[in-house]
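In: The following block contains a protein sequence and its predicted model.
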Amino acid sequence: MFGGAATTERSQQVNSVADRPDVPHLIDRFGRVARDLRISITEKCSLRCTYCMPEEGLPAIPAANLLTPAEIARVVSVSVRLLGIRDVRFTGGEPLMRRDLDEILRLCSDAAAGVPLSMTTNAVGLEHRAAALADAGLTRVNVSLDSVDREDFARLTRRDRLPSVLAGIRAAKRAGIGPVKINAVLMRDTLSGAVDLLRWCLDEGVALRFIEQMPLDADHEWARANMIDAQTLLDELSTEFDLREVGRADPSAPAEEWSVDGTDATVGIIASVTRSFCGDCDRTRVTAEGTIRSCLFSDDETDLRAALRGGATDDELAAVWRGAMWNKWAGHGIDAEGFVPPTRSMGAIGG
Ligand SMILES: Nc1nc2c(ncn2[C@@H]2O[C@H](COP(=O)(O)OP(=O)(O)OP(=O)(O)O)[C@@H](O)[C@H]2O)c(=O)[nH]1
Ligand SMILES: C[S@@+](CC[C@H](N)C(=O)[O-])C[C@H]1O[C@@H](n2cnc3c(N)ncnc32)[C@H](O)[C@@H]1O
Ligand code: SF4
Ligand code: SF4
C-alpha cells in the first residue's frame, strides 16, 4: 500500500503522527532512530539468484517512475541535513545496471559531503567500473558471493558469471573502495562449499558474512526447515576452523562476528531469522520508485516521489519521511503465527 492510513497485523496500530514528539530525526514508536539510509536505484539485475529473483527477472519499472540522479541526490541531501542520516547505501536490484551510477554518486557526494556512500552489489562487471566509481565518490562495497565453485555459483544465480565477480572484487580492492565485505546466502546444496568460500576470503583479505535466508524470494519457496541457520553454519565451519565469538561491532550492526583460528580475521553471521536484530534496527529505505519503506517486511510504503515532483519543500519532504518512520513496525514477525511475506521480493525492495 502506498501512503495513507493503515492498520498492519504486525504492529496492530493505526498509522498516525499525533503522538510523535517534535524532534528532527527519524524516530519510531519503539524508541529506535534511523541513521542508515538504503536507496534502491533499480529493479534490474545481471543475475537471478534463486532466493531473490524469479527466473524471468522482475517486472520492469517504467523509466519515468524511477528517481533521477538529481532526485536521488535531493533525497540524500534532505536525509542528511534534516533527518540525521549518517550512512547512505545504494542497492537494488543491481546498482551497476544503472549507467548513470557515476552521476548519482557524484551528485550525492556533493549533496552530502563527508557522508560515506556505499553500495551492495553482485560485482558483475565491476572490474571495468571500480576506478571510475571510486572517483565519483563511492567509499565502500559489499559484494554478494555465495560460492567459489563455478557450478554451484551458476546454479544458484542462474548465470555463469563467477569469474567476473571475482575480478570485480579484486578491482574494488585495487580502487580502494574498501574494506570489501562479502555477503553469502547459503542453501542446503551449497552448505558444503562454506569452508572453501571462507578460505578464499581469508586468502583475499576480504571479510565474509553469511546471511540466513529470509522469506523474501520472488518464487515464495522459502521454508524455515530448509534454511541454513547460524548454528548449522557454525557447525560446518568448525570442522575446519577454530571460531571464537567476538560479538557485534555496534548494537545495530546486523552481523555477529567470530574470530578465525586465533587471528584478527573474522567471519560474520547475519542471523536475521534466528537471532533477529529488529530491536536495534537503524534503517530507513527508499525504493527505486521513490517510496519510503520503513521496514523490509512492511508493504506500507509512503510516496516520496509524488511529493518531490509536486513541488514540496525540503522541510515538507522531511515531514513526510518522519511520519512514515514513526509508524515503523516492531520487526519482521517471521515467527508470528499467520506470518505473511511482503508483496515485494528482496530485489524489488532493495536489500
Ligand atoms: N533483517 C534485515 N536484514 C537486512 C536488512 N538490510 C540488509 N539485510 C540483510 O543483511 C545483508 C547484508 O546487507 P548489506 O547490504 O551488506 O549491509 P550491511 O550489512 O548493513 O552493511 P555494513 O554497514 O557494511 O555492515 C543483506 O544481504 C540482507 O540479507 C534489514 O533491514 N533487515
Ligand atoms: C537484493 S541484493 C541487491 C544488491 C546486489 N544485487 C547484491 O546482490 O548484492 C542485496 C542483498 O540481499 C541479499 N538477499 C537477497 N535475497 C535474500 C533473501 N531471501 N534472504 C536474505 N538475503 C537476501 C543478497 O544476498 C544481497 O546481499
Ligand atoms: S541478490 Fe542481488 S544479484 Fe542476486 S538476484 Fe537479487 S538483486 Fe540480483
Ligand atoms: S526486518 Fe525490519 S525492523 Fe527488522 S532489521 Fe530489517 S528493516 Fe529493521
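Out: Happy to help now that I have it. Ligands and ions are numbered 1, 2, ... in the order given.
In: Partner strands of the helix or strand of the chain with the lowest mean pLDDT and their direction?
Out: The helix or strand of the chain with the lowest confidence, counting by mean pLDDT, DSSP states H and E, is strand 243-248 at a mean of 92. Take DSSP bridges as the rule and strand 243-248 pairs in its sheet with strand 256-260 (antiparallel).
In: just to revisit the earlier point, chain center to the least confident helix or strand of the chain: distance?
Out: Between the centre of strand 243-248 and the centre of its chain there are 23 Å (Cα atoms, centre = their mean, to the nearest Å).
In: got the buried residues for that strand?
Out: residue 243 (16 or more other Cβ atoms under 10 Å). For glycine as for every other residue, the C-beta is placed from the backbone atoms N, C-alpha and C.
In: Where does the prediction get shaky in the chain?
Out: 1-15 (pLDDT under 70).
In: Which positions in it make contact with ligand 1?
Out: Applying Cβ under 6 Å from any ligand atom, we find that the chain lies next to ligand 1 at 120, 142, 181, 183, 211, 253-254, 270, 272, 283, 296, 332, 351.
In: Please report phi then psi for the residue found closest to residue 219 once you drop the neighbours it is linked to in the chain.
Out: With Cβ to Cβ, 6 or more residues apart in numbering as the criterion, residue 219 has its nearest non-adjacent residue at 5.9 Å, and that residue is residue 54. Main-chain dihedrals, residue 54, degrees, to the nearest 10: phi -80, psi 160.
In: follow-up on the earlier one: quick check: the two most widely separated of the residues of the chain next to ligand 1?
Out: Pairwise distances across the residues of the chain next to ligand 1 peak at 22.0 Å for 181 and 332 (criterion: Cβ to Cβ).
In: So for the two, which sits in the more crowded spot?
Out: More crowded of residue 181 and residue 332, by other Cβ atoms under 10 Å: residue 332, with 23 against 18.
In: mind listing what the more buried one touches?
Out: Residue 332 makes contact with 10, 214, 272, 276, 278, 295-297 under the criterion Cβ atoms under 8 Å, 6 or more residues apart in numbering.
In: which among those residues gets closest to residue 21?
Out: Closest approach to residue 21 among those (Cβ to Cβ): residue 295, at 20.5 Å.
In: Could you look up the SS state of that closest one?
Out: coil (DSSP: H, G, I helix; E, B strand; the rest coil).
In: could we number from 50 for the rest of this?
Out: In the new numbering, first residue 50, that becomes residue 344.
In: Contacts only, for it.
Out: Going by Cβ under 8 Å, 6+ apart, the list of residues near residue 344 reads 330, 332, 377-378, 380-381.
In: same question, residue 361
Out: Shown in contact with residue 361 (Cβ under 8 Å, 6+ apart): residue 369.
In: What is the one helix or strand residue 357 maps to packed up against?
Out: In this assignment (DSSP states H and E), residue 357 forms part of helix 353-358. The contact analysis (3 or more Cβ pairs under 8 Å, 6 or more residues apart in numbering; DSSP states H and E) places helix 353-358 against helix 118-132, strand 340-342, helix 363-375.
In: before we move on, back to that, give me the subset of the residues of the chain next to ligand 1 that also touch ligand 2.
Out: Residues of these in contact with ligand 2 (Cβ under 6 Å from any ligand atom): 169, 232, 260, 400.
In: Most neighbours among those residues, please name it.
Out: Within these, neighbour counts (other Cβ under 10 Å) peak at residue 260, which reaches 24 neighbours.
In: Might one say that that residue is in contact with residue 230?
Out: No. Applying Cβ atoms under 8 Å as the test, residue 260 and residue 230 come out as separate, 11.2 Å apart.
In: Just the ones of the contacts of residue 344 in strands?
Out: Counting by DSSP state E, the contacts of residue 344 place residue 332 in strands.
In: So which of the contacts of residue 344 belong to helices?
Out: Taking DSSP state H, every one of the contacts of residue 344 sits outside helices.
In: from the contacts of residue 344, which single one is nearest residue 255?
Out: residue 332 (23.4 Å).
In: What sits closest to the closest one if chain neighbours are left out?
Out: Residue 332 sits nearest to residue 85 (Cβ to Cβ, 6+ apart), 5.0 Å away.
In: Pull the contacting residues for the one you found.
Out: So residue 85 contacts 134-136, 138, 301, 331-333 (Cβ under 8 Å, 6+ apart).
In: which of those residues are close to ligand 4?
Out: Among these, the residues that sit close to ligand 4 (Cβ under 6 Å from any ligand atom) are residue 332.
In: Weed out the non-buried ones from the contacts of residue 85.
Out: By 16+ other Cβ under 10 Å, these give 134, 136, 138, 301, 331-333 as buried.
In: in the chain, which spans are helices?
Out: Applying DSSP H to the chain gives helices spanning 118-132, 150-160, 179-185, 199-206, 211-224, 243-253, 279-286, 353-358, 363-375, 395-398.
In: Which of the ones you listed sits closest to ligand 2?
Out: Across the helices of the chain, the minimum distance to ligand 2, taken as Cβ to the nearest ligand atom, is reached by helix 395-398, at 3.5 Å.
In: Can you pull the residues of the chain lying near ligand 4?
Out: Proximity of the chain to ligand 4 (Cβ under 6 Å from any ligand atom) is limited to residues 326-327, 330, 332, 344-346, 380-381.
In: These into a markdown table, with extra columns for distance to residue 220?
Out: Listed next are the residues of the chain next to ligand 4 as a markdown table, based on distance: Cβ to Cβ, whole Å:
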| residue | distance to residue 220 |
| --- | --- |
| 326 | 31 |
| 327 | 35 |
| 330 | 32 |
| 332 | 28 |
| 344 | 34 |
| 345 | 29 |
| 346 | 34 |
| 380 | 37 |
| 381 | 34 |
